[in-house]
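Enquirer: one predicted model, sequence on top.
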Amino acid sequence: MTAPASMAAATMAGIKHRDVLRTICNDTARRVMHMTRRSAALLGLATAATALALTAHPDLRQQGEQTLLGWLQQRQEASAEETIAAEPMAADRATAALPHTLPTQQAKVAQWLSRKYRVAQEPLSVLVAEAYEISHIVKIDPTLILAVMAIESRFNPFAQSPVGAQGLMQVMTRVHTDKYRAFGGQLAAFDPVANLRVGARVLQECIQRAGSVEGGLRLYVGAVTTSGADYINKVMAEHLRIQSVAQGKPMPTRFPVYRPEPAPAVPPAAMDEAATQQEALTPFPPAEAAAQQEALAPFPPAEAPAPAASPLQS
């Protein structure tokens with residue numbers, strides 16, 4: 001067979017195959033359409049028959065309606081159980097306040113801290129107001145209290161150090177368990193206000209024992225084998241910045257450098273004990289300790305002051 005004849009034969013075979021496939025596809029489509037129409041017709045007849053039966057027998061219709069209603073109610077109850085329960089009073093337990101309710105000086109501080117540390121102004125408003133309130137009790141500048149919070153935890157109420165210091169002020173909870181009793185126990189370390197109050201009292205004890213703010217900061221951070229100068233300089237610089245914001249002064253660009261005397265040599269056993277931060281603090285005399293504990297105890301619910309009512313600290 002010549003080449004042209006072979007090509008012609010192959011072409012004819014291809015045409016026949018296409019025709020066969022086209023015929024099969026057309027037949028299949030017609031049958032599917034036919035079955036679909038018959039199914040639709042049967043479904044329509046079944047629906048009509050059901051409607052006639054229900055019309056003729058009201059009891060069957062009523063029974064069907066009750067069955068359908070029961071099914072829908074079960075579905076609704078199951079959906080309701082899966083929904084998270086609402087808590088309309090959840091906002092009452094939040095540590096937050098509206099910034100515009102603060103005195104102008106405190107509002108400026110809260111706004112500045114919010115921008116610098118990327119913390120919402122609402123919870124910071126409570127902390128700033130509380131720092132100003134506590135400052136009158138512990139006789140410490142509120143901006144110093146806020147500076148310690150900033151350096152210790154960056155205002156993270158759930159922060160914890162490798163040695164166990166916890167909360168905003170990074171207080172050693174296991175060392176100061178007695179101070180948390182008035183707040184309900186050790187878990188109060190993670191309540192921002194309770195941690196602030198306990199931390200402010202610990203800082204007050206450190207300053208009184210050391211005789212100076214710088215020395216008190218060294219005790220507060222638990223510096224044993226070092227002078228603690230890095231920590232002291234960081235806190236004091238932040239203290240001056242916050243103080244400038246509160247007083248409406250230009251932001252300082254130079255800060256004093258504190259170089260406390262190096263710590264004396266300490267035996268290894270005493271070093272391990274002191275490294276747990278503030279553990280060796282001298283307690284207050286009994287009468288003064290009772291007064292401090294009462295002053296720092298949580299306010300009763302009916303007497304708790306709103307952040308807006310916090311006194312203004314010049």
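Expert: That came through, no problem.

Enquirer: how is this structure partitioned into domains?
Expert: Per automatic domain parsing, the structural domains of the chain span 3-79, 97-309.

Enquirer: in a markdown table: these, plus mean pLDDT, mean neighbour count and distance to Ala85.
Expert: The way it works is simple: take the backbone N, C-alpha and C, and place the C-beta from them, glycine included. Listed next are those as a markdown table, based on pLDDT from 0 to 100; neighbours: other CB atoms under 10 Å; distance: least, CB to CB, whole Å:
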| stretch | mean pLDDT | mean neighbour count | distance to Ala85 |
| --- | --- | --- | --- |
| domain 3-79 | 77 | 10 | 14 |
| domain 97-309 | 83 | 18 | 23 |
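
Enquirer: Pro88 is nearest to which of those domains?
Expert: domain 97-309 (18.0 Å; CB to CB).

Enquirer: now do the closest one: distance to the chain's middle.
Expert: Averaged C-alpha coordinates place domain 97-309 at 21 Å from its chain's average position (CA atoms, centre = their mean, to the nearest Å).

Enquirer: let me see the ranges of the strands in the protein.
Expert: Secondary structure of the chain, counting by DSSP state E: strands at 165-166, 171-172.

Enquirer: format the ones you listed as CSV; extra columns: distance to Tyr117.
Expert: Formatted as CSV, the strands of the chain follow (distance: least, CB to CB, whole Å):
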stretch, distance to Tyr117
strand 165-166, 18
strand 171-172, 19
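
Enquirer: circling back: dump the domains of the chain into TSV; add distance to Pro88 as well.
Expert: Below are those laid out as TSV (distance: least, CB to CB, whole Å):
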stretch	distance to Pro88
domain 3-79	21
domain 97-309	18
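
Enquirer: ranges for the helices of the stretch 101-250 of the chain?
Expert: Using DSSP state H, counting those that start in this stretch, the helices of the stretch 101-250 of the chain run over 104-117, 121-138, 142-153, 177-180, 192-210, 213-221, 229-247.

Enquirer: the last one versus helix 213-221: what angle between them?
Expert: Looking back up the chat, that one is helix 229-247. With axes from the mean of the first three to the mean of the last three CA atoms, to 10 degrees defining the directions, helix 229-247 sits at 120 degrees from helix 213-221.
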